[in-house]
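[1] one predicted model, sequence on top.
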Amino acid sequence: TRYTKVKLHHGKGQIEMDYQHLLVDQQENVLIIRFNVPEKRNALISDMRQELLQVLERAEKDENVRCIVLTGEGKAFSAGGDLSSLKELKPLDGRKLLQSAQPLMMKLLEIEKPIIAAVNGPAAGAGFSLALLCDLIIASDQAFFVQSFVNVGLIPDFAAMHFLPKLVGMHKAKELMFLGERISAEEAREIGIVNRVVSADSLLEETLKLAKQLAEKAPISIGMMKKIMNQHHNHDVKVLLELEAQGQEICFQTEDFQEGARAFFEKRQPRFQGK
């Protein structure tokens, strides 16, 4: 079992918290949060999502945190959803599962502090979608991105169907989502998903350099820019989240999803029947 302890300021005091699935560290005014579930390639398991929401809620109140960095411990940024926990979902459980993640998604969008995704390795499925919820993305040259949902008979979630078309256009987004093929960090930069690509061994250094630049800027100014742009461009995102929850619930109940999950764990091509 892995634990990390972090102190965050709240008013004049400090709050000290333990986290089992995250590594949290603060360097000057930059809070670094590492996903730490290496045995599942940093899959977004429910407990880790809840811990991440708690860290963000506390960081939101901490005037000493001016920029937040999200990255993965180990070789992966995040493999997305934990398929092993999804295979036995009962009817309506899938919709509830997606709804349970919505407070985290909204916090990433609404916290008035810049968030940088430092993508150190594979960003697959909901891991890719989570990176899209951040304000900036810096990727290692060894990273790749894949909207892998279709490969297991599911639809993109974590609001990817809202954000990806806005970044790359509708046709390119459909290509990435319909085919479920991986793209390199450099291709992701070329089509507007990634801000910068850096060498793997300098990812954290370069990310912290940018984060500290942001931390030195006027925090209220940056917070207002983020708030206004996100509210203007994302005014219909809550409608999308309900639609994706309903659509994913349908997909969870299909034979195609059961076949897709089996094929994933058996490391073979799935045989979808449209049932």
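    Looks like it arrived, so ask away. Numbering: from 1, shown residues only.

[2] quick one: least confident helix or strand in this protein?
    strand 4-10 (a mean of 51; mean pLDDT, DSSP states H and E).

[3] dihedrals phi and psi, A160?
    phi -60, psi -30 (degrees, to the nearest 10).

[4] what residues sit buried inside the top helix by length along the chain?
    As assigned by DSSP state H, the longest helix anywhere in the chain is helix 93-110. Neighbour-count burial for helix 93-110, with 16 or more other C-beta atoms under 10 Å as criterion, is recorded at 94-95, 97-98, 101-102, 104-109. Any C-beta I mention is one placed from the backbone N, CA and C, and that applies to glycine too.

[5] whatever helix or strand comes next after it to helix 93-110, inter-axis angle?
    Sequence order places strand 115-119 as the next helix or strand after helix 93-110, per DSSP states H and E. Relative orientation of strand 115-119 versus helix 93-110 (axes from the mean of the first three to the mean of the last three C-alpha atoms, to 10 degrees): 120 degrees.

[6] dump strand 115-119 to PDB, keeping only the CA atoms.
    Extracted in PDB, the C-alpha atoms of strand 115-119 (Å, rounded to 0.1, in the frame of the first residue of the first chain):
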ATOM      1  CA  ILE A 115      -3.500  23.000 -14.500                       C
ATOM      2  CA  ILE A 116      -0.700  21.500 -16.700                       C
ATOM      3  CA  ALA A 117      -0.900  17.900 -17.800                       C
ATOM      4  CA  ALA A 118       2.600  16.500 -18.000                       C
ATOM      5  CA  VAL A 119       2.000  13.400 -20.100                       C
END
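
[7] could you point out which element follows the host helix or strand of A59?
    For A59, the element it lies in under DSSP H and E is helix 46-61. Next helix or strand after helix 46-61 toward the C-terminus (DSSP H and E): strand 67-72.

[8] which strands border that following strand, and is each parallel or antiparallel?
    Strand pairing for strand 67-72, using DSSP bridges, gives strand 30-35 (parallel), strand 115-119 (parallel).

[9] mind checking the pLDDT average for it?
    When pLDDT is averaged over strand 67-72, the result is 97.

[10] hmm, back to that, now the strands paired with strand 67-72 as CSV including distance to E205?
    Below are the strands paired with strand 67-72 laid out as CSV (distance: least, C-beta to C-beta, whole Å):
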stretch, distance to E205
strand 30-35, 12
strand 115-119, 10
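
[11] in TSV, list these along with mean pLDDT.
    Output for the strands paired with strand 67-72, formatted as TSV (pLDDT from 0 to 100):
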stretch	mean pLDDT
strand 30-35	96
strand 115-119	98
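
[12] which stretch among the ones you listed is buried most, on average?
    strand 115-119 (a mean of 28; mean count of other C-beta atoms under 10 Å).

[13] show me how far it is from its chain's centre.
    Centroid separation between strand 115-119 and its chain, computed with C-alpha atoms, centre = their mean, to the nearest Å, is 9 Å.

[14] show me the contact partners of it.
    Contacts to strand 115-119, defined as C-beta atoms under 8 Å, 6 or more residues apart in numbering, come from residues 67-72, 77, 108, 130-131, 133-140, 143, 145, 185, 194, 203-204, 207, 210-211, 214.

[15] try stretch 253-262
    83, 86-87, 89, 91, 94, 151-154, 251, 270-275.

[16] all strands for the stretch 151-275 of the chain, in order.
    Ranges of strands within the stretch 151-275 of the chain are 183-184, 196-198, based on DSSP state E, counting those that start in this stretch.

[17] out of those, nearest to F264?
    F264 sits nearest to strand 183-184 of all the strands of the stretch 151-275 of the chain, at 19.7 Å, using C-beta to C-beta.
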